[in-house]
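Student: Predicted model follows, preceded by the sequence.
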Amino acid sequence: MSSATPPPPGAWERLRKNPVAVGAMVVLGLIILAAIFGPALYRVDPHATSHAQYQPPSGDHFFGTDNNGRDSLARILEGARISLLVGFCGAIVSLFVGTSYGLVSGYLGGRVDNVMMRIVEILYALPRLLLIIIFTFVFDKQMKDWLTTWKLAIGKTVLINGPDLVGYSKIIILIFALGLIEWLTMARIVRGQVLSLKNLQFVTAARALGQSHTRIIIRHLLPNIIGIIIVYLTLTIPAVILDESFLSFLGLGVQAPQASWGSLLSDGAQVINPVKSYWWLLVYPAMVMSVTLLALNFLGDALRDALDPRARG
Amino acid sequence: MLVVLLCVITFTFVLVQLAPGGPFTRERSIPPTIKKELEARYNLDGPIWQQFTTYLGVRKNSRGEYSGILQGDFQPSLKYRDRSVRELLAQSLPISATLGFAAFLLATTGGVWLGSLAAVRHRSPTDLCAMLAALFFISIPNFVVGPVLIMLFAIKIQALPVGGWTSWTSLVLPAITLAGPYVAYIARLMRTSMLEVLHQDFVRTARAKGLSEGRVVYQHALKVGILPVVSYLGPLAAGLVTGSIVVETIFNIPGSGPFFIGAIQNNDVFLLEGVVIVDCLLIVLFNFGVDIAYTWLDRRIRLE
């Protein structure tokens, strides 16, 4: 474990000079813009079926149509929204879990740290996704029941109305479930950083001034590891997207007619056969998804290089 | 180790019991009395702790015997009524295990080899290409690689079977698909660790002794450089088990993956439990082996 490094000055300049990072950021920006504004600009209903089944890409349907005559481009744009949403939100859930776990483990140290890290090791070596599949399956109905009666309101203004979200219950569960399995790396990294930071003099000084543990953790330790947290947040997003599409591919994630990249790929994979090839149903979602994941991973690596030059291999 | 296993068993059992509906809801409109009979027959009545202890085999079941996990009885499958979970597993596990083992070999040997190659030729085109390829394969999910491989090798040039489980040729594409991301990951691990090791004193000594570069790298440096890979073997096994579900689905392989998915969709409590327990048991045992191997390797290094 490398010793803790506060983000060196000029990290942003170094990142900007890295052509790979800039390329990745541009690509990601485009994909995110497409996910946000695409459905508004490309006014085709992703759920509208038609008789034009299995149309190859043409001027009418840029990416062709699927077995129900739905427009593939519209479906991919919808899938982008869901996949990216799950990816970002899941990564944020994992950020909270992993950071607090790592902070506590590293800060307390000693036996508590030993036990907590042992648990992380065990979890690493378990097929967590199998367990999480059961979890999502079991809690889907509970979540639906709960959402129909729940709402978040301040005074009279309803902020979030539960029943409106029933259609998205599976997605909400996925966000939490996947966030809950992808926090391990984050916890490990944060713990390592805290271990080396907590013996530095500024922490001792803070303690001598009589500051509480919570305050030391939040005001002194957390700001110093924010850089490394951002790096691993960037690297967690593709992991969560990958997990989500894994589940959707198996038909256990996002439910039809909603689409995510995983479920689109699964539709595409089902129709490849020697007789007639509907390649566009597989190739386009695969390309969009791969490019996104590649860009995220490239950006994460570049960020790591920029923030922590010593970790460069 | 046993504690971990017990936790996993409890976790899955409780979760599955919490599932809405229960295993007998699928058959529409069965009279309540019959449902009760069925539940009693499979020991799925009574409070959850009773069901659980019966399932474990520490409490007498409805036939007045102890028959559960501890006795090696995984109960009958609730979907395929005439077959026991043990039969289903005995039939499907060897297939999954073969696939997993092939992918495991491919991932470790391929990854170690590529990683050390990249480290030895640090900052050369080989290094750059290998690492770009590695990042590429980490980013691309295996359910993209699988269908693309099928399209190329099974449909376009028809060199290998599309799927199924007939001869050793049907192992090639699935194993590559399954191992792909892990080859890449191990190659990256290996490269980083080798780069560090190659600058250490004992390597310089070996070079100074006039050993050939090949012996320096593959006999001296590799022994130390491989340690991070050894500690990654546990997570690798877990990843392969999860990954094999999707690969078996893509290639239509009759392993335990399709049973797992079927069991979830059919609320087949015992089959689901069986798959998870056996998978976790194998992984826990494997990790135990890895731990032993690691201490052994580590000690040898310290002795040297």
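Tutor: Thanks, I have it. Residues are numbered from 1 along each chain as shown, chains lettered A, B, ... in the order given.
Student: Only C-alpha atoms from now on, for both contacts and neighbour counts.
Tutor: OK.
Student: close to chain A, is stretch B:135-154?
Tutor: Yes. Part of stretch B:135-154 sits near chain A under the criterion CA under 8 Å from any CA of the partner chain, namely B:Leu135, B:Phe136, B:Ser139, B:Ile140, B:Pro141, B:Phe143, B:Val144, B:Pro147, B:Met151.
Student: How many residues are close by the closest residue to B:Ala263 other than its chain neighbours?
Tutor: The spatially closest residue to B:Ala263, leaving aside those adjacent along the chain, is B:Leu272, at 5.4 Å (CA to CA, 6 or more residues apart in numbering or on different chains). Using other CA atoms under 10 Å in any protein chain shown, B:Leu272 has 24 other residues around it.
Student: and the helix or strand hosting B:Leu272, what's its mean pLDDT?
Tutor: Using DSSP states H and E, B:Leu272 falls within helix B:269-303. What helix B:269-303 shows for mean pLDDT is 78.
Student: and that helix, what other elements does it pack with?
Tutor: helix B:2-18, helix B:85-120, helix B:222-225, helix B:227-251, helix B:256-265 (3 or more CA pairs under 8 Å, 6 or more residues apart in numbering or on different chains; DSSP states H and E).
Student: can you put the ones you listed in a markdown table and add mean pLDDT and mean neighbour count?
Tutor: Shown next, in a markdown table, are those (pLDDT from 0 to 100; neighbours: other CA atoms under 10 Å in any protein chain shown):
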| stretch | mean pLDDT | mean neighbour count |
| --- | --- | --- |
| helix B:2-18 | 77 | 16 |
| helix B:85-120 | 86 | 20 |
| helix B:222-225 | 82 | 19 |
| helix B:227-251 | 84 | 21 |
| helix B:256-265 | 80 | 20 |
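Student: With respect to A:Gly253, which of these lies nearest?
Tutor: Across the helices and strands packed on helix B:269-303, the minimum distance to A:Gly253, taken as CA to CA, is reached by helix B:256-265, at 12.0 Å.
Student: what's the offset of that closest one from the middle of its chain?
Tutor: Centroid displacement of helix B:256-265 relative to its chain, using CA atoms, centre = their mean, to the nearest Å, is 15 Å.
Student: what's next to it, contact-wise?
Tutor: A:134, A:137, A:250, B:79, B:89, B:92-93, B:95-96, B:244-246, B:248-249, B:268-269, B:271-272, B:275 (CA atoms under 8 Å, 6 or more residues apart in numbering or on different chains).
Student: Any chance you could note which residues of chain B sit beside chain A?
Tutor: B:4, B:12, B:15-16, B:18-20, B:135-136, B:139-141, B:143-144, B:147, B:151, B:155, B:191-192, B:195, B:234-239, B:241-242, B:246, B:249-250, B:261, B:264, B:276, B:280, B:283-284, B:287.
Student: what about the closest residue in space to B:Phe104 that isn't next to it in sequence, distance to chain A?
Tutor: In this structure, B:Phe104 finds its nearest non-sequential neighbour in B:Ala179, 6.8 Å apart by CA to CA, 6+ apart. Note on B:Ala179: its distance to chain A, by CA to the nearest CA, to the nearest Å, is 16 Å.
Student: helices or strands next to the particular helix or strand that has B:Ala179 in it in the packing?
Tutor: Per DSSP H and E: B:Ala179 is located in helix B:169-197. Counting contacts by 3+ CA pairs under 8 Å, 6+ apart, helix B:169-197 packs against helix B:85-120, helix B:125-139, helix B:142-149, helix B:222-225, helix B:227-251.
Student: Relative to A:Leu221, tell me which of those helices wins on proximity.
Tutor: Per CA to CA, nearest to A:Leu221 of the helices and strands packed on helix B:169-197: helix B:227-251, 28.3 Å.
Student: picking that back up, against B:Ile283, how distant is the residue nearest to B:Ala263?
Tutor: 17 Å (CA to CA, to the nearest Å).
Student: With B:Val290 instead?
Tutor: On the measure of CA to CA, B:Val290 and B:Ile283 end up 10 Å apart.
Student: can you check B:Trp165 too?
Tutor: Distance of B:Trp165 to B:Ile283, given as CA to CA: 24 Å.
Student: ok, now B:Pro228?
Tutor: B:Pro228 is 18 Å from B:Ile283, by CA to CA.
Student: Then A:Ala239?
Tutor: On the measure of CA to CA, A:Ala239 and B:Ile283 end up 22 Å apart.
Student: B:Ile277 too?
Tutor: On the measure of CA to CA, B:Ile277 and B:Ile283 end up 10 Å apart.
Student: which one of the two has more residues nearby?
Tutor: B:Ile283 (22 against 19).
Student: Just list the residues touching that one, thanks.
Tutor: A:Ala125, A:Leu126, B:Gly234, B:Ala237, B:Ala238.
Student: switch the cut-off to 10 Å
Tutor: The neighbourhood of B:Ile283, defined by CA atoms under 10 Å, 6 or more residues apart in numbering or on different chains, consists of A:Ala125, A:Leu126, A:Pro127, B:Leu5, B:Gly234, B:Pro235, B:Leu236, B:Ala237, B:Ala238, B:Val241, B:Ile277, B:Gly289.
Student: what helix or strand does the second one sit in?
Tutor: The one in question is A:Leu126. Counting by DSSP H and E, A:Leu126 is part of no helix or strand.
Student: Could you verify my assumption that it touches B:Ile277?
Tutor: No. With contact defined as CA atoms under 10 Å, A:Leu126 does not reach B:Ile277; the gap is 11.1 Å.
Student: who touches both of these two?
Tutor: With CA under 10 Å, 6+ apart, A:Leu126 and B:Ile277 have common neighbours B:Val8, B:Ile283.
Student: residues touching A:Leu77, list them.
Tutor: A:Leu77 touches A:31-32, A:34-39, A:42, A:46, A:83, A:259-261, A:285, A:288, counting by CA under 10 Å, 6+ apart.
Student: go with 6 Å
Tutor: A:Ala35 (CA atoms under 6 Å, 6 or more residues apart in numbering or on different chains).
Student: after the helix or strand hosting it comes which helix or strand?
Tutor: Counting by DSSP H and E, the element that carries A:Leu77 is helix A:72-108. Scanning forward in sequence from helix A:72-108 by DSSP H and E, the next helix or strand is helix A:110-124.
Student: got the CA coordinates for that next one in CSV?
Tutor: C-alpha atoms of helix A:110-124 as CSV (Å, rounded to 0.1, in the frame of the first residue of the first chain):
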residue,chain,number,x,y,z
GLY,A,110,-5.8,-2.9,15.7
ARG,A,111,-8.1,-5.8,16.2
VAL,A,112,-11.2,-4.1,14.8
ASP,A,113,-9.3,-3.4,11.6
ASN,A,114,-8.1,-7.0,11.4
VAL,A,115,-11.6,-8.4,11.7
MET,A,116,-13.1,-5.8,9.3
MET,A,117,-10.5,-6.5,6.6
ARG,A,118,-10.8,-10.2,7.0
ILE,A,119,-14.5,-9.8,6.3
VAL,A,120,-13.7,-7.8,3.2
GLU,A,121,-11.3,-10.6,2.0
ILE,A,122,-14.0,-13.2,2.5
LEU,A,123,-16.6,-11.2,0.6
TYR,A,124,-14.1,-10.7,-2.2
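Student: Thank you, goodbye.
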